[in-house]
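J.: For reference, the sequence and a predicted model appear below.
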Number of protein chains: 2
Amino acid sequence: MNAHSQVDEQQSTEEKIKQAAARVFVRKGFAATKTRDIAEEAGINIASLHYYYRSKDKLFELVIGEALRRFSKRMDEIFNSESPLQDKIKSFAHSYIDFFKENPLVPLFIMSESQSNPERVEKMLADQKTVNKLEEQLRQLGDAGIIRKMHHSHFMMNLVGLTVFPFISRPLMLTKLNMTDQEYDEVLEERKKMIPEMIIKHLFLRTPD
Amino acid sequence: MNAHSQVDEQQSTEEKIKQAAARVFVRKGFAATKTRDIAEEAGINIASLHYYYRSKDKLFELVIGEALRRFSKRMDEIFNSESPLQDKIKSFAHSYIDFFKENPLVPLFIMSESQSNPERVEKMLADQKTVNKLEEQLRQLGDAGIIRKMHHSHFMMNLVGLTVFPFISRPLMLTKLNMTDQEYDEVLEERKKMIPEMIIKHLFLRTPD
DNA sequence: AAATCATTTAATCAAACGATTAAATTTAAT
DNA sequence: ATTAAATTTAATCGTTTGATTAAATGATTT
């Protein structure tokens, strides 16, 4: 029988641990995170952590796996849909800026841990379909003379970079540009419009609807 | 008298340690770096490390300080010059893409460690002049109806983001877009042209020279 | 060449860490 | 109520880690 028969008047211990681990890992990265940090954040003992997840590594694999797949899945859903390209662009900017406003540390977490263990990224995204419907769409519109021809990687770097970078560079930018947190948040909101405008203006040879 | 009277038929131990530390710190981040890693990379003993730099923390402060200032200083030189805005944009893209091709791990290193210790960034860039000549330039061109009016943070996020993001996201992009390292490097080279085109097209209301 | 200073070595310390265990306690099943 | 299973607790193990030390070696100066 399952570990928990009592329904969630509160979260199960197993779930509490996982979510606490996610918070701490995302905040501090794998190396700087101590199992004792996680236990404290979850309000449980270290032994319980090992009881459910065997080791720090196993727990981390789980956490980063979910983060990676969430990040990647949403991307694929948008790009592999049947929508017009302009809609995909707008949809991406809106969706990800909203998501990262709630989870501002996730992008840097993913990038950092991808860097320090690239093979893991490869394994974890192995099943995920790539963005080949997007690639096809770019080719078609390019052949039709509607958009500028370019490698689809440029398109992705532009769109994802413009969207994600402000979250990754926040501390640096705040200092360098001498801004308050509130000002920064307002700027982030403005980017929902600005990013699509910029990309569409550059990409489309004649202005779309 | 100085520690070394023998001239550099080879590097001084002190310098060897600092450069080894820079490499390891940038590669693995502060928390994942062990003093023993640094000693091994430098080909010296741990005690020598403490002899010259007292502690891991002090050594790290030095390394990240130099990285931050190099990153920031070059930026200020470009933006606070008297050049036309279009030239600044092109100059930035070229200069930084070249630099990061040689030091591909530096951007993520700076972003990560800035995130995990924002106060340090603040202290270390305290003396550095901000990019206020750029701000002024943007305001003037905006008032003159030459460029679109926007907060200078947008401009910086756009330019820096487009330039830096491909280096930060390299492992993820390679997997997601199913590219080879060589293809990726070619794309990076193309971006020296593409980034200024894109930004100028969006920014300038009538096309500049 | 004696004396002083710089540098390296090898050994070791205390603290922090991930992990494990046996036992206690709580919860569920019979 | 008794038994069995799930979960928590507190204690502890073996390593790793940053740091330090005393002594050995090397170089420079006087």
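T.: Looks like it arrived, so ask away.
J.: Low-confidence ranges, chain A, go.
T.: Residues of chain A meeting the criterion pLDDT under 70: A:1-10, A:129, A:208-209.
J.: Only the buried residues of the host helix or strand of A:Q140, if you could.
T.: Assigned by DSSP states H and E, A:Q140 belongs to helix A:132-143. Residues of helix A:132-143 classed as buried: A:134-135, A:137-138, A:141-142 (neighbour count, 16 or more other C-beta atoms under 10 Å in any protein chain shown). (C-beta placed from N, C-alpha, C; glycine too.)
J.: Could you identify the most distant pair in the residues you listed?
T.: Distance extremes for the buried residues of helix A:132-143: the farthest pair is A:L134 and A:G142 at 12.2 Å, using C-beta to C-beta.
J.: how close does the most centrally placed residue in chain A sit to A:S81?
T.: With distances taken as C-alpha atoms, centre = their mean, A:F71 lies nearest the centre of chain A, 3.8 Å away. With the distance defined as C-beta to C-beta, to the nearest Å, A:F71 ends up 17 Å from A:S81.
J.: Over to A:M156?
T.: Noted for A:M156: a distance of 16 Å to A:S81, by C-beta to C-beta.
J.: neighbour-wise, which of those two wins?
T.: Using other C-beta atoms under 10 Å in any protein chain shown, the more surrounded residue of A:M156 and A:S81 is A:M156, with 22 against 14.
J.: Other residues contacting the helix or strand containing A:R191?
T.: With secondary structure defined by DSSP H and E, A:R191 is part of helix A:181-203. Contacts with helix A:181-203, where a contact means C-beta atoms under 8 Å, 6 or more residues apart in numbering or on different chains, come from A:85-86, A:89-90, A:93-94, A:97, A:101, A:147-148, A:150, A:155, A:158-159, A:162-163, A:166-167, A:170, A:173-174, A:179, A:207-208, B:150-151, B:153-154, B:157-158, B:197-199, B:201-202.
J.: which of those are buried?
T.: By 16+ other C-beta under 10 Å, the contacts of helix A:181-203 give A:85-86, A:89-90, A:93-94, A:97, A:147-148, A:150, A:155, A:158-159, A:162-163, A:166-167, A:170, A:173-174, A:179, B:150-151, B:153-154, B:157-158, B:198-199, B:202 as buried.
J.: domain assignment for chain A?
T.: Following automatic domain parsing, chain A resolves into domains at A:12-54, A:64-203.
J.: Next, see if the first one gets close to DNA strand D.
T.: Yes: contact of domain A:12-54 with DNA strand D (C-beta under 7 Å from any atom of the strand) involves A:12-13, A:44-48, A:51.
J.: Where do the helices of chain A begin and end?
T.: Under the criterion DSSP state H, helices of chain A are mapped to A:13-32, A:35-42, A:46-53, A:56-79, A:85-102, A:106-116, A:118-124, A:132-143, A:152-168, A:170-177, A:181-203.
J.: what comes up buried for the shortest one?
T.: By that I understand helix A:118-124. So for helix A:118-124, counting by 16+ other C-beta under 10 Å, buried means A:120-121, A:124.
J.: what's around A:M75, how many residues?
T.: Residues lying near A:M75 (other C-beta under 10 Å) number 20.
J.: Does it touch A:K88 like I think?
T.: No: assessed by C-beta atoms under 8 Å, A:M75 is found out of contact with A:K88, at 10.2 Å.
J.: For the nearest residue to A:F71 once chain neighbours are set aside, give me its contacts.
T.: Nearest residue to A:F71 in three dimensions, chain neighbours excluded: A:I110, at 5.8 Å (C-beta to C-beta, 6 or more residues apart in numbering or on different chains). Contacts for A:I110 (C-beta under 8 Å, 6+ apart) come out as A:64, A:67-68, A:71, B:172.
J.: For A:E14, which non-adjacent residue is spatially closest?
T.: In space, A:E14 is closest to A:Y52, 5.0 Å off (C-beta to C-beta, 6+ apart).
J.: List the contacts of that neighbour.
T.: Contacts for A:Y52 (C-beta under 8 Å, 6+ apart) come out as A:13-14, A:17.
J.: Please apply the same query to A:M157.
T.: Counting by C-beta under 8 Å, 6+ apart, the residues that A:M157 touches are B:162, B:165-166, B:169, B:173, B:187, B:191.
J.: Just give me the closest of those to DNA strand C.
T.: B:S169 (27.0 Å; C-beta to the nearest atom of the strand).
J.: surely the closest one meets A:G161?
T.: Yes: contact criterion C-beta under 8 Å: B:S169 and A:G161 qualify, at 7.5 Å.
J.: circling back: looking at the contacts of A:M157, spot the one nearest B:V24.
T.: Using C-beta to C-beta, B:S169 comes nearest to B:V24 of the contacts of A:M157, at 22.5 Å.
J.: Give me the phi and psi for that closest one.
T.: phi -100, psi 10 (degrees, to the nearest 10).
J.: excluding its backbone neighbours, what's nearest it?
T.: Among residues not flanking B:S169 along the chain, A:M111 sits closest, at 5.9 Å (C-beta to C-beta, 6+ apart).
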